[in-house]
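**Student:** Build me a model from this:
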Amino acid sequence: QDGYPRSELVHVPNAIDVDRFRPDPDARKSARDELSISDDTPLIGLFARLHPMKDHPTFLRAARILADKTPGVRFICAGGTSREYSGYERRTRASATEMGLDQYVLWHGPRTDPEKLMVACDITTLASDSGEGFPNSVAESMACGVPVVAPRRGSFTELLERTGGGVLLKSGSVEVLEQALCDLVGDRDRLIALGRSASEGIRDRYSTDHMTTRALDVYERLVR
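**Tutor:** As a prediction, this is how the structure comes out:
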């Protein structure tokens, strides 16, 4: 708020349930079986509501370029939308069809069990062009051992730099996003290493226990 001294502000990030969101090879296999996707098929997920801020068009244009380079790649878009943005959802999905992405993109609406899809992915991404606070879906997928590719915006920077669990993009352009995804898809060893850093980093720094302790420490300092 205006007039409130910034020196008195303390930010405690959202906590992540690392018992729910965790690496699980059996769950990965089960999810891929349900999706009819083999274990060696590159799968890239975008977990976000369909809203202009999330910039699905940039993701889809990058997906189109990557699909031309790597025909076996598949993509998941999971997230709902509000009535206000139902037109945006229709236009976004129609655009994917016009780009010839119907065989590549699996559309899922709002999920109460996103971890079941996240754990099936090799990479998740978010192309948000503005306004991001703490990106829960990014942290949750990282907790599942899935590395993230995201622009250097909002809390993405802190989250990825603190955990080493992904790739920060120098810009949010289609070309930069596609190249980063392409590089990771083609480097299995790096994917595994980043995924391990992602899950360990979230568990060590953003778990419910860790954030509860941090919040209590802040409270105790304030009431002294």
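**Student:** got any ranges where the chain has weak pLDDT?
**Tutor:** Scanning the chain for pLDDT under 70 picks out the ranges 1-3, 131.
**Student:** For the residue nearest to the spatial centre of it, I want the exact helix or strand it lies within.
**Tutor:** By Cα atoms, centre = their mean, the chain has its centre lying nearest to Val138, at 3.5 Å. Element membership of Val138, judged by DSSP states H and E, is helix 136-143.
**Student:** after that helix, next one along is what?
**Tutor:** Taking DSSP H and E, what comes next after helix 136-143 is strand 148-151.
**Student:** Who are the packing partners of that next one?
**Tutor:** strand 123-125, helix 136-143, helix 156-163, strand 166-169, helix 174-185 (3 or more Cβ pairs under 8 Å, 6 or more residues apart in numbering; DSSP states H and E). (C-beta placed from N, C-alpha, C; glycine too.)
**Student:** Give the buried residues for the longest one.
**Tutor:** Spelled out, that is helix 174-185. For helix 174-185, the buried set under the neighbour-count rule, 16 or more other Cβ atoms under 10 Å, comprises Val174, Val176, Leu177, Glu178, Gln179, Ala180, Leu181, Cys182, Leu184, Val185.
**Student:** Could you export it as CSV, CA atoms only?
**Tutor:** C-alpha atoms of helix 174-185 as CSV (Å, rounded to 0.1, in the frame of the first residue of the first chain):
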residue,chain,number,x,y,z
VAL,A,174,8.3,-17.5,-29.6
GLU,A,175,11.7,-18.2,-30.9
VAL,A,176,13.5,-18.1,-27.6
LEU,A,177,10.9,-20.3,-25.9
GLU,A,178,10.9,-22.9,-28.8
GLN,A,179,14.7,-23.1,-28.8
ALA,A,180,14.9,-23.6,-25.1
LEU,A,181,12.3,-26.4,-25.3
CYS,A,182,14.1,-28.0,-28.3
ASP,A,183,17.4,-27.9,-26.5
LEU,A,184,16.0,-29.7,-23.4
VAL,A,185,14.0,-32.2,-25.4
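**Student:** Let me see the contact set for the nearest residue to Glu161 once chain neighbours are set aside.
**Tutor:** Computed as Cβ to Cβ, 6 or more residues apart in numbering, the closest residue to Glu161 that is not its neighbour in sequence is Leu168, at 7.2 Å. Contacts for Leu168 (Cβ atoms under 8 Å, 6 or more residues apart in numbering) come out as Ala150, Pro151, Arg152, Phe156, Thr157, Leu160, Glu161.
**Student:** Against Ser128, how distant is the closest residue to the first one other than its chain neighbours?
**Tutor:** What that stands for is Ala150. Nearest non-adjacent residue to Ala150, counting by Cβ to Cβ, 6+ apart: Phe156, 4.3 Å away. Relative to Ser128, Phe156 is positioned 8 Å away (Cβ to Cβ, to the nearest Å).
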